[in-house]
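K.L.:
take a look and give me a structure for this.
(chains A and B)
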Amino acid sequence: MRLLHLKVTLPLSILGLLLAGCIGGSEGNEGQGGQAGGQQGNTLQRVQDRGTLNCGINDAVPGFGVVTPQGEYEGFDIDYCRAVAAAVLGDPNAVEFKPVTTEQRFTALQSGEIDVLIRNTTWTAERDGAEGATFLHTTFYDGQGMMVPADSDYRRLEDMDGTTICVLSGTTTELNLATAFRARNLEHEPLSFEDNETLQQAFQQGRCDGWTSDKSQLAGVRSSWPDNQGGPDALRILDEEFSKEPLGPVVRDGDSPWAQAIDWTVIATIQAEEFGITSENVEQMKGDQNEEIRRLLGEENFDSGLGLPDDFAVQVIQAVGNYGEIYDRNVGADSPLGLERGLNDLYTNGGLHYAPPYR
Amino acid sequence: MTSIRVDTLEPLPGREEPPRRHVPPGRWLRENLFSTWYNSVLTVLFAALLGLLLYRVGRFVFVDGRWEIIERNLRLLLVFRFPDDALWRLWTAMYVLAGTFGLAAGAAATVRRAEVAAGRARPIGGRFLPLRRVAPVVVLAAVLLWLAGSVGATLLVAGAAAVAVLGRLAGTLLPRRYAKWTAVLALVGLAAAFGIVIGLGGVSPRTWGGLLLTIYLAIGGIAISFPLGVLLALGRRSSLPAVRVVCVTYIEIIRGVPLITVLFVGYLIIGFTLPPGTPTPSVVTRAMIGIILFTAAYVAEIVRGGLQSVPRGQYEAAQALGLSPVKTTWLIVLPQALRAVIPAMVGQFISLFKDTSLVFIIGLTELLGVADLITKQREFTAQGLIFETLLFVSLLYWVGSYSMSRESQRLERRLGVGER
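P.N.:
Predicted coordinates:
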């Protein structure tokens, strides 16, 4: 009888626990829509109330987002997180960096885990439409390219019929590669890898004839190619670009004030470069005779209605500099990646960066 | 009960050590490695292969390997972005652990010796056993300190080692009646260490990374999934269909799903299952819950195997002695069942320790994640340094796993697993 007692009470308590879990679970499922709905709207207000920005980033892309040995985040995308925090909160350090994976990034955005996703994410129709995400002003125009050993005969994609190509698996890069070769009626054998490090080993061992990736990444790899492998001169990046990869911040659908705040943060950095405002001369520029410059820097008693502080552009430029400074520091001339400006130059220099007027 | 123990642990009569044969090295070689022409060929061939392998590995470790990446990033690998001004908390926690675990080990050794002297337990292992136990940890500490090249850290580690040794000495001097409380003390030490690190303005686990996060997830996962798994195993053997069905369903569903899926579902769902208004637990906590739920199902099946190995007669004998069902389970059945499954259980925990690397999928940066991340840094990108970082984290994983394995073997010998 007493044995039965144990057999009843002990499992019953487990049953109770599990049932509680189940009920909690089903309630939660109903609550899911509500909570997701609750994440809509007014992120700007919530970020300002909270006092910190939750920025979804990648912490392992050279030039765009890495952790330094001192434990600091740095990179092009990281600087834009800081820029948004400076604009909205007046403090570039009020950022909580949340590393997110490719698989998890849109879910993290939907669930409110992060306020904005700045993680080298390519703007595509499907992501814009089906993921419930809104893509904002492009910060970096990238494109897929092909890198081959300099001593090979490959000068154009057409020369590469029947070759083996190293590529990262599960990315749009893999699909673009297939499309590019099909369009040119060429055969190729893709060799997929999970990460760049193992891919690089395979490439060095000659297991593939070409390495395809975003050109920014290829340039970064090339410029820091080890000397015992021949240094940067051992590699050649083909001129062809066979995809468009516009990268920029992403927010949840249906939150215009927040989207506008980030859009104009990005625009301010581009406009600042156009005006020649840098992190060093921003204080002097406040007194510039150009009325447009004074308006951007909040000296003109101008209310845009964007919900940003008057001096948001000053905060941004003091924190991270103008677009050119951000670019050079992280991916451009002053960085190991050493990328040319190319498409990422101002429209006045033949690039694509064009800021709508701030008036 | 005492008499039963004496019976099982008494050495069998007539069992003698096999005679030791002393063979000179030359003859040993001839007999074992060069007995026939083909054995000679195989010996030479494999000796050459082994030599080549050792040479290549040795050359990589001592000559070719560029260990600067590890030296510069040692802190990221061990504690990731743990703030500088809170590092003293980690050191203090280390000293607390060294002291309490040293004390517990000393007390346990005394109890052990007394039991052996009274003929109630078998002596275990040889003279060098303690050395073999601590050797991997000592080697690891030496490697880390050599890489760190910091006098302060060396002194602090030496201090912690001294505290552990002193604690062990103090433990052996402790009166017997307090001895059994030292195990509790060790647990209190663990809790205190945890409290020192996070409590009173400390650093919340949500920002942890590197080895610290790996160890946190592994210890938390083991400590909570074990009792949960035992409950599930008992529930699965319950005579109540409802309880049985729930437990079986839980176990079979979880065992039918990859850990990576459980982690991902946990990441998405846990926030939604809480009542509205409660803050969503951090990603680390959600990962911990996923790991616990997953491991508990496996532990449950391992424990069930152990429960099945306990003969029916044990239950009947316990009933005949008038033990209550709770006491029957707690004093008779579970000790025998758990003793029988130590190897499988430790295997599961070692597996859990290494599986914590899967939390990368929900954006956490544990040890393996840091190893990948540091190869993307400004000065190390595209340098092909992945071998160095992977070899280094392999060493950390290996020392952890090997230590667990050794402790399990020790426990098995002490409890006489595999003997009747």
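
K.L.:
can you pull out the helices in the stretch 251-400 of chain B?
P.N.:
B:259-273, B:283-309, B:312-320, B:325-327, B:334-340, B:342-355, B:367-373, B:386-415 (DSSP state H, counting those that start in this stretch).

K.L.:
can you name the residue of the stretch 301-420 of chain B nearest chain A?
P.N.:
B:P325 (3.2 Å; CB to the nearest CB). For glycine as for every other residue, the C-beta is placed from the backbone atoms N, C-alpha and C.

K.L.:
so which of the helices of the stretch 251-400 of chain B gets nearest A:R156?
P.N.:
Ranking the helices of the stretch 251-400 of chain B by proximity to A:R156 (CB to CB) places helix B:386-415 first, at 31.6 Å.

K.L.:
so which bits of the closest one are buried?
P.N.:
For helix B:386-415, the neighbour count (16 or more other CB atoms under 10 Å in any protein chain shown) marks B:386, B:388-393, B:396-397, B:399-401, B:403-404, B:406, B:408-409, B:412-415 as buried.

K.L.:
domains of the chain?
P.N.:
Going with chain A. A:43-141+A:247-349, A:144-243 (automatic domain parsing).

K.L.:
think we crossed wires, I meant chain B
P.N.:
Split by automatic domain parsing, chain B gives B:37-66, B:83-202, B:209-382.

K.L.:
flag every residue of the stretch 151-300 of chain A that's near chain B.
P.N.:
A:195-198, A:200-201, A:204, A:220-222, A:224-226, A:229 (CB under 8 Å from any CB of the partner chain).

K.L.:
and of those residues, the nearest to B:L140?
P.N.:
A:E197 (24.1 Å).

K.L.:
report pLDDT for the residue of the stretch 101-250 of chain B found nearest chain A.
P.N.:
Closest contact between the stretch 101-250 of chain B and chain A, by CB to the nearest CB, is at B:V243 (3.3 Å). Note on B:V243: pLDDT of 92.

K.L.:
make sure it is indeed in a helix.
P.N.:
Yes - under DSSP: H, G, I helix; E, B strand; the rest coil, B:V243 sits within a helix.

K.L.:
residues near it, how many?
P.N.:
The local packing of B:V243 (other CB atoms under 10 Å in any protein chain shown) involves 24 other residues.

K.L.:
can I get the CA coordinates of the one helix or strand A:L109 maps to in CSV?
P.N.:
Assessed by DSSP states H and E, A:L109 sits inside helix A:105-110. Taking Å, rounded to 0.1, in the frame of the first residue of the first chain, the C-alpha atoms of helix A:105-110 are listed here in CSV:
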residue,chain,number,x,y,z
ARG,A,105,18.5,37.3,-37.4
PHE,A,106,15.0,37.9,-38.6
THR,A,107,13.4,36.0,-35.8
ALA,A,108,15.5,38.1,-33.3
LEU,A,109,14.1,41.2,-35.0
GLN,A,110,10.5,40.0,-35.0
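
K.L.:
where do the strands sit along the stretch 101-250 of chain A?
P.N.:
For the stretch 101-250 of chain A, the strands defined by DSSP state E, counting those that start in this stretch occupy A:116-117, A:133-135, A:140-142, A:144-149, A:163-168, A:188-193, A:210-214, A:235-237, A:245-247, A:250-252.

K.L.:
for the helix or strand that the last one is followed by, what is the average pLDDT?
P.N.:
The reference is to strand A:250-252. Next helix or strand after strand A:250-252 toward the C-terminus (DSSP H and E): helix A:256-275. Average pLDDT, helix A:256-275: 94.

K.L.:
who are the packing partners of helix A:256-275?
P.N.:
helix A:43-50, helix A:76-89, strand A:250-252, helix A:291-296, helix A:312-320, helix A:323-330 (3 or more CB pairs under 8 Å, 6 or more residues apart in numbering or on different chains; DSSP states H and E).

K.L.:
about what we covered before: wait, the residue of the stretch 101-250 of chain B closest to chain A sits on B:L234?
P.N.:
No - using CB atoms under 8 Å, B:V243 makes no contact with B:L234, being 9.3 Å away.

K.L.:
count the neighbours of the closest residue to A:K244 other than its chain neighbours for me.
P.N.:
Spatial nearest neighbour of A:K244, chain neighbours left out: A:G143 (6.0 Å); criterion: CB to CB, 6 or more residues apart in numbering or on different chains. By the criterion of other CB under 10 Å, A:G143 has 17 neighbours.

K.L.:
ok, now how distant is A:G143 from chain B?
P.N.:
20 Å (CB to the nearest CB, to the nearest Å).

K.L.:
let me know the pLDDT of that residue.
P.N.:
91.

K.L.:
what residues are up against it?
P.N.:
The contact partners of A:G143, taken as CB atoms under 8 Å, 6 or more residues apart in numbering or on different chains, are A:214-215, A:241-245, A:343.

K.L.:
redo that, cut-off 7 Å
P.N.:
Residues counted as contacts of A:G143 (CB atoms under 7 Å, 6 or more residues apart in numbering or on different chains) are A:215, A:241, A:243-245.

K.L.:
again, but for B:I70
P.N.:
By CB under 7 Å, 6+ apart, the neighbours of B:I70 are B:147, B:388-389, B:392.

K.L.:
what's the angle from the helix or strand hosting it to helix B:386-415?
P.N.:
Using DSSP H and E, B:I70 sits in helix B:68-79. Put simply, helix B:68-79 runs at 40 degrees to helix B:386-415, going by axes from the mean of the first three to the mean of the last three CA atoms, to 10 degrees.

K.L.:
quick one: is the helix or strand following helix B:68-79 near chain A?
P.N.:
On the C-terminal side of helix B:68-79, the closest following helix or strand by DSSP H and E is helix B:87-117. No - counting by CB under 7 Å from any CB of the partner chain, chain A has no neighbours in helix B:87-117; the shortest distance is 11.4 Å.
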